[in-house]
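K.L.:
Here is my input, please return the structure:
(one chain, ligands or ions: 1)
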Amino acid sequence: MNQTSPYRTYRPAPFTPEERGQVEILFGGLHWRAERLIKAVFENLGHRARILPTATREDLLAGRELADVGQCCPTSFTTGNLANFLRAEASRIGAEETARRYVYVTAGSCGACRFGQYHQSYELALRNVGLEAFRLFLVAQDRMDQGALAGGGLKVDMPLTLGILWAILCADALQSLEYQVRPYEVVPGETDRVVAACVDHLEQAFRNRPQRDGKWGSLAWHLGTGYFVEALREVYRRFEAIEVDRLRVRPVVKITGEFYLQTVEGEPNHNMHRWLEAEGAEVYPAAIAVWLDYWMRFYVQGFEDEVGVDRTARAKIAAVRALQRVFGWTYDRLRAALGGIPHALPDQYELRRLAAPYYHHRLSGGEGDMLVGKALWAHLNRRAHMICELSPYACMPNTMSIGAMAGVLGKHPDLLYAPLEIKGDAEVHALSRCQMILTEAKKRAQREYEEALERTGLTTERARALLEAHPEMRRATYRVPHAGAAGTAANLVLHLAARGRA
Ligand code: SF4
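P.N.:
Numbering: from 1, shown residues only. Coordinates of the predicted model:
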């Protein structure tokens, strides 16, 4: 008779404090700057850590083969990425030693989409490659102090969580600055060289982060310290050496989409960031901090539903909104250390208001209503000429938001929107679709620039002469204020004219 056994949730073997010196913590899935700083946070707390290589197309195929073929493509990429790394290690040092030498740590959740089941894909893939003894640990994304994971080798406490949070904020701010500089650099490759040195510098700062005892001591120190601001000021000083020509007319392309695909830089999204830059665009990257802010807004929304039922609901709303303000203030402080150039976080309640006619804010999964909200926000506030939405193959929330965007485009036909289905094996199709919209965005950026010249009575030659007279404006660290245009060149012309009048 066939025997069936009940489903048992995955339980990793313990990772003990005694193993710390020998075991490397594997992690990945973000952009390289954030990963390097997070690695330094682990090392600061006495761990050994290793960043998994950025996923490749081979990883995608391995993920499909080893886990569920119908899963969304970020799950396939990340599952295959882990499995291929471990397979290579197992063939080098043996399966037993691989399971002894590494553990994998990733964020998990319950939730409406695949994100709630990532660990099951990992588990299935590990079984399929004969590595069922390998230990993977899920960290809840919504709790800052979760105590020790099984065995006590890794404590998810405030020093770790706050370190990772500040690492993400610093990496976001740096990334935003970098993308506003590279398209305008006068010496090709200079921005990349400076960014590499800056990440080394920040990594060192996070590795040497002073330790503070206790939950509240650690929180108070992170909020009050000038340590990270000082580290970013050094980044600012290094950027100061980069000469830029911001009169080059570039369309600004706002990246939106599913969290993994919009964050990672590499094959999983067809190297979209670099490809857009090579095509002559300025990329407006998707900050990880926006998603963290959204996550807090989601709690507020849950409490809003309880108003009138739970007497403490209003107090809870006030508490989370205060937390959001502290979060925004912290990010602004780091932005200020970089001359205020990194993009500010959009107001979450403004995003909700904009998305409301098309996408209900309580629909969870992926980025929820943010994809619609961010597209409208960037378009209506003239922050980008075009939206490039990176949509994973087989992603339920993204499919819904693309459907909702049909309604948005009906009301805002002038919004340039490129939804790209990313499935790893249709690169030419995705890029050519993007190129069509980008061609229109380029024309729009050029038109906007010419209108700015006309309005101000300047010519390109006169604008260049004004820049010659103000060498500080040719530095990467000069902040061109937003004067109502989406493009940097148009804003610079408007700014030059305003300066001339002042
Ligand atoms: S948001 Fe989409 S792509 Fe991301 S985990 Fe959920 S289903 Fe997968």
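
K.L.:
if I look at D369, how far off is the ligand?
P.N.:
D369 is 13 Å from the ligand, where distance means C-beta to the nearest ligand atom, to the nearest Å. The way it works is simple: take the backbone N, C-alpha and C, and place the C-beta from them, glycine included.

K.L.:
which phi and psi does that residue have?
P.N.:
phi -80, psi 0 (degrees, to the nearest 10).

K.L.:
Count the neighbours of it for me.
P.N.:
27 (other C-beta atoms under 10 Å).

K.L.:
Contacts only, for it.
P.N.:
351-352, 355-356, 359-361, 363, 401 (C-beta atoms under 8 Å, 6 or more residues apart in numbering).

K.L.:
can you map out the strands along the stretch 351-500 of the chain?
P.N.:
386-392, 417-422 (DSSP state E, counting those that start in this stretch).

K.L.:
Check the chain too.
P.N.:
Per DSSP state E, the chain carries strands over the ranges 24-27, 48-51, 102-108, 135-140, 147-148, 155-156, 252-257, 282-284, 386-392, 417-422.

K.L.:
still on that earlier bit, most packed of the strands of the stretch 351-500 of the chain?
P.N.:
strand 386-392 (a mean of 27; mean count of other C-beta atoms under 10 Å).

K.L.:
Report the strands that pair with that strand, each with its relative direction.
P.N.:
Strand 386-392 sits in its sheet next to strand 252-257 (parallel), strand 417-422 (parallel), going by DSSP bridges.

K.L.:
Which of these comes out lowest on mean pLDDT?
P.N.:
Ranked by mean pLDDT, the strands paired with strand 386-392 bottom out at strand 417-422, which scores a mean of 92.

K.L.:
does the ligand sit close to it?
P.N.:
No: using C-beta under 6 Å from any ligand atom, strand 417-422 stays clear of the ligand, with a minimum separation of 9.4 Å.

K.L.:
which residues are in contact with that strand?
P.N.:
Here strand 417-422 has contacts from 73, 257, 261, 268-270, 272, 375, 386-393, 402, 405, 408-409, 430, 433-434, 436-438, using C-beta under 8 Å, 6+ apart.

K.L.:
Okay, now the unreliable bits of this structure?
P.N.:
For the chain, the stretches with pLDDT under 70 are 1-2, 108-112, 114-116, 141-145, 502.

K.L.:
Tell me the residues of it that contact the ligand?
P.N.:
For the chain, the contact set with the ligand under C-beta under 6 Å from any ligand atom comprises 72, 74-75, 113-115, 258, 365-366, 392, 395-398.

K.L.:
Show me which of those are buried.
P.N.:
For the residues of the chain next to the ligand, a burial check counting by 16 or more other C-beta atoms under 10 Å picks out 72, 74-75, 113-115, 258, 365-366, 392, 395, 397-398.

K.L.:
burial of L61, as a residue count?
P.N.:
Neighbourhood size, L61 [other C-beta under 10 Å]: 16.

K.L.:
mind checking how far it is from the ligand?
P.N.:
Counting by C-beta to the nearest ligand atom, the separation of L61 from the ligand is 17 Å.

K.L.:
Quick check: closest non-adjacent residue to that residue.
P.N.:
Sequence neighbours aside, G80 is the residue nearest to L61 in space, at 6.7 Å (criterion: C-beta to C-beta, 6 or more residues apart in numbering).

K.L.:
wait, that neighbour sits on L52?
P.N.:
No: here G80 does not reach L52: they are 10.9 Å apart, not a contact under C-beta atoms under 8 Å.

K.L.:
coming back round to it: so can I have TSV of the strands of the stretch 351-500 of the chain showing distance to V103?
P.N.:
Converted to TSV, the strands of the stretch 351-500 of the chain look like this (distance: least, C-beta to C-beta, whole Å):
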stretch	distance to V103
strand 386-392	27
strand 417-422	29
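
K.L.:
what are the phi and psi values for the closest residue to L126 other than its chain neighbours?
P.N.:
Nearest residue to L126, sequence neighbours excluded (C-beta to C-beta, 6+ apart): F134, at 5.3 Å. F134 adopts backbone torsions of phi -70, psi 140, taken as degrees, to the nearest 10.

K.L.:
ok, now which ones touch F134?
P.N.:
Shown in contact with F134 (C-beta under 8 Å, 6+ apart): 86, 98-99, 102-104, 126.

K.L.:
ok, so what distance separates the closest residue to L376 other than its chain neighbours from I437?
P.N.:
Excluding the flanking residues, the one nearest L376 by C-beta to C-beta, 6+ apart is L354, at 4.2 Å. Remark: distance between L354 and I437 (C-beta to C-beta, to the nearest Å) = 21 Å.

K.L.:
Quick check: the residue of the stretch 201-350 of the chain nearest the ligand.
P.N.:
E258 (4.4 Å; C-beta to the nearest ligand atom).

K.L.:
Surely that residue is in contact with M400?
P.N.:
No: with contact defined as C-beta under 8 Å, E258 does not reach M400; the gap is 11.7 Å.

K.L.:
hang on, isn't E350 packed against A378?
P.N.:
No: counting by C-beta under 8 Å, E350 does not reach A378; the two are 11.7 Å apart.

K.L.:
Could you pull up phi and psi at D157?
P.N.:
The phi/psi pair for D157 (degrees, to the nearest 10) reads phi -120, psi -170.

K.L.:
Break this protein down into its domains, please.
P.N.:
The chain breaks down by automatic domain parsing into domains covering 17-156, 163-453.

K.L.:
How far does the first one stretch from one end to the other?
P.N.:
The distance separating the two terminal residues of domain 17-156, taken as C-alpha to C-alpha, to the nearest Å, comes to 13 Å.

K.L.:
Just give me how far it sits from the chain centre.
P.N.:
In terms of C-alpha atoms, centre = their mean, to the nearest Å, the centre of domain 17-156 is found 19 Å from the chain centre.

K.L.:
do the longest one as well
P.N.:
Mean C-alpha position of domain 163-453 versus that of the full chain (C-alpha atoms, centre = their mean) differs by 6 Å.

K.L.:
could we number from 16 for the rest of this?
P.N.:
That works, and once the first residue is 16, the last one we named lands at domain 178-468.

K.L.:
tilt between the lengthiest helix in the chain and strand 432-437?
P.N.:
Determined from DSSP state H, the single longest helix within the chain is helix 442-471. Put simply, helix 442-471 runs at 160 degrees to strand 432-437, going by axes from the mean of the first three to the mean of the last three C-alpha atoms, to 10 degrees.

K.L.:
Show me what counts as buried in helix 442-471.
P.N.:
445-446, 448-449, 452-453, 456-457, 459-461, 463-464, 467-468, 471.

K.L.:
on contacts alone, who are the packing partners of that helix?
P.N.:
Here helix 442-471 touches strand 267-272, helix 287-293, strand 401-407, strand 432-437, helix 503-516, going by 3 or more C-beta pairs under 8 Å, 6 or more residues apart in numbering; DSSP states H and E.

K.L.:
Can you lay out the ones you listed as a markdown table showing distance to V196?
P.N.:
Converted to a markdown table, the helices and strands packed on helix 442-471 look like this (distance: least, C-beta to C-beta, whole Å):
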| stretch | distance to V196 |
| --- | --- |
| strand 267-272 | 14 |
| helix 287-293 | 11 |
| strand 401-407 | 20 |
| strand 432-437 | 24 |
| helix 503-516 | 10 |
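
K.L.:
The ones you listed: which one's closest to R23?
P.N.:
Closest approach to R23 among those (C-beta to C-beta): strand 401-407, 29.5 Å.
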